[in-house]
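Participant: Got a predicted model here, sequence first, then my questions.
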Amino acid sequence: MPDDDRTLCPDCGAPLGGRDGCDAAFHELGARAIANPGFAYRRRAVVDAYCLQHPTYILSLKSFAAHLCGLCAAVERPADPRAERAIWSDLRIPPDAVKPAVPAVRGSRTLADVCEAATPRAFHAAADAWIADVWAAWSEHHDLARRWLDYSVAAPRRVGR
Ligand SMILES: [Zn+2]
């Protein structure tokens, strides 16, 4: 990423060259995760955190629910395989579900903090802090996330899937 452009991303505030630079850095991090497993740590939660800071990635109810419930599962139910399956293989959303307004402030840490990590060890610490920070920023919707996650875990699934 170009070091000379420190323009803030209007969505998350990362000084990575505006929204385009932030998006490019996000995809660069994805490539780094594939190339080096040390940077794939908590990969799904890292993607959820990024998307929950950028409204364009959570426009639809389905993608919003997947990322919010995904972060909820990662933070609150990391040892429950049912939660993971309920999100990633077959997310069910309550029929009366309505997407709430996206919070104006979506965390104080950003992608820039994890991109700065030069070693997997530093990346792990930065990712943990970022994930916790974004989850805390969505606190007014924690109950909603838990409810939707419970619904998807309990929803009957078709045989053979
Ligand atoms: Zn951003």
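Facilitator: Right, received. Where do you want to start?
Participant: State the distance from T56 to the ion.
Facilitator: 10 Å (CB to the ion, to the nearest Å). Bear in mind the C-beta positions are built from the backbone N, C-alpha and C, glycine included.
Participant: list the contacts for the residue lying closest to that residue once chain neighbours are set aside?
Facilitator: Excluding the flanking residues, the one nearest T56 by CB to CB, 6 or more residues apart in numbering is D11, at 7.6 Å. By CB atoms under 8 Å, 6 or more residues apart in numbering, D11 lies in contact with R19, C22, Q53, H54, P55, T56, R106.
Participant: Which helix or which strand is home to R32?
Facilitator: helix 18-35 (DSSP states H and E).
Participant: if we can go back for a sec, how about the residue nearest to T56, secondary structure?
Facilitator: Assigned with DSSP: H, G, I helix; E, B strand; the rest coil, D11 falls in the coil class.
Participant: With the one 5 residues further on instead?
Facilitator: Applying three-state DSSP to L16 yields a three-state assignment of coil.
Participant: Tell me who's in contact with it.
Facilitator: Contacts of L16 (CB under 8 Å, 6+ apart): M1, D5, R6, T7, C9, C22, A24, A25, L111, A112, C115.
Participant: Could you save those as JSON lines and add columns showing pLDDT and neighbour count?
Facilitator: Formatted as JSON lines, the contacts of L16 follow (pLDDT from 0 to 100; neighbours: other CB atoms under 10 Å):
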{"residue": "M1", "pLDDT": "48", "neighbour count": "14"}
{"residue": "D5", "pLDDT": "89", "neighbour count": "12"}
{"residue": "R6", "pLDDT": "93", "neighbour count": "13"}
{"residue": "T7", "pLDDT": "97", "neighbour count": "14"}
{"residue": "C9", "pLDDT": "98", "neighbour count": "23"}
{"residue": "C22", "pLDDT": "98", "neighbour count": "27"}
{"residue": "A24", "pLDDT": "98", "neighbour count": "15"}
{"residue": "A25", "pLDDT": "98", "neighbour count": "21"}
{"residue": "L111", "pLDDT": "98", "neighbour count": "25"}
{"residue": "A112", "pLDDT": "98", "neighbour count": "21"}
{"residue": "C115", "pLDDT": "96", "neighbour count": "19"}
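Participant: Many thanks, have a good one.
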